[in-house]
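Novice: A structural model of the following input is requested.
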Amino acid sequence: PATPRAPACRDSDGRPRGTSLSRAANFGIEKAWRHPSEKHAVKFVPHELVETALTLGGRRQQVLLRVITPCIAPQVLDAYRINMASAWNLVIVAELVAATEGLGKRISLAQRFLRTDEIFLGLIVIGLIGLAIDLGFRLLMRRSCAWAN
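Specialist: Okay, the predicted model is just below:
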């Protein structure tokens, strides 16, 4: 059986200093994921899970891949889903401003010639593509992170 690690001292909040999640972030998470939502999600990994994995003899890489990554996967996918909405908005705005092709360009041309039916059709297509992207991320999250639902 593995011997439990006895922490030498504790932080001000009572956590053992040697196994705090800030230390877990130092061994690869900060280098692997640069987005703030991933760093934020790591803060909420249950301390007991990390401590148990280390007590049972898990190496740092094993703790990262088998404990921390599955815990943060739902939050990361949800953050990507939300960020995809703003990215889709930027694509449409860029097409409206300076593109020679695309839905945004078609809408701006239809606006010039007062073709409201084409404008509404373009808006509906943009909305349907955005909805498909959102539903795709939700399906991915439901299938890959079934335990989080």
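
Novice: wasn't Gly58 part of a strand?
Specialist: No. Assessed with DSSP: H, G, I helix; E, B strand; the rest coil, Gly58 is coil; it does not lie in a strand.

Novice: what's the pLDDT at it?
Specialist: We have a pLDDT of 90 for Gly58.

Novice: tell me the average confidence for stretch 140-149?
Specialist: Mean predicted confidence for stretch 140-149 is 87.

Novice: cool, stretch 115-123 as well?
Specialist: The model assigns stretch 115-123 a mean pLDDT of 94.

Novice: mind checking how far that stretch is from the chain centre?
Specialist: Distance of stretch 115-123 from the chain centroid (C-alpha atoms, centre = their mean, to the nearest Å) equals 33 Å.

Novice: buried stuff in it?
Specialist: Ile119, Gly122 (16 or more other C-beta atoms under 10 Å). In short, each C-beta sits where N, CA and C put it, glycine included.

Novice: other residues contacting that stretch?
Specialist: Leu103, Gly104, Arg106, Ile107, Ala110, Gln111 (C-beta atoms under 8 Å, 6 or more residues apart in numbering).

Novice: in which helix or strand does the residue nearest to the last one when sequence neighbours are not counted reside?
Specialist: In this structure, Gln111 finds its nearest non-sequential neighbour in Ile119, 6.1 Å apart by C-beta to C-beta, 6 or more residues apart in numbering. Using DSSP states H and E, Ile119 maps to helix 116-144.
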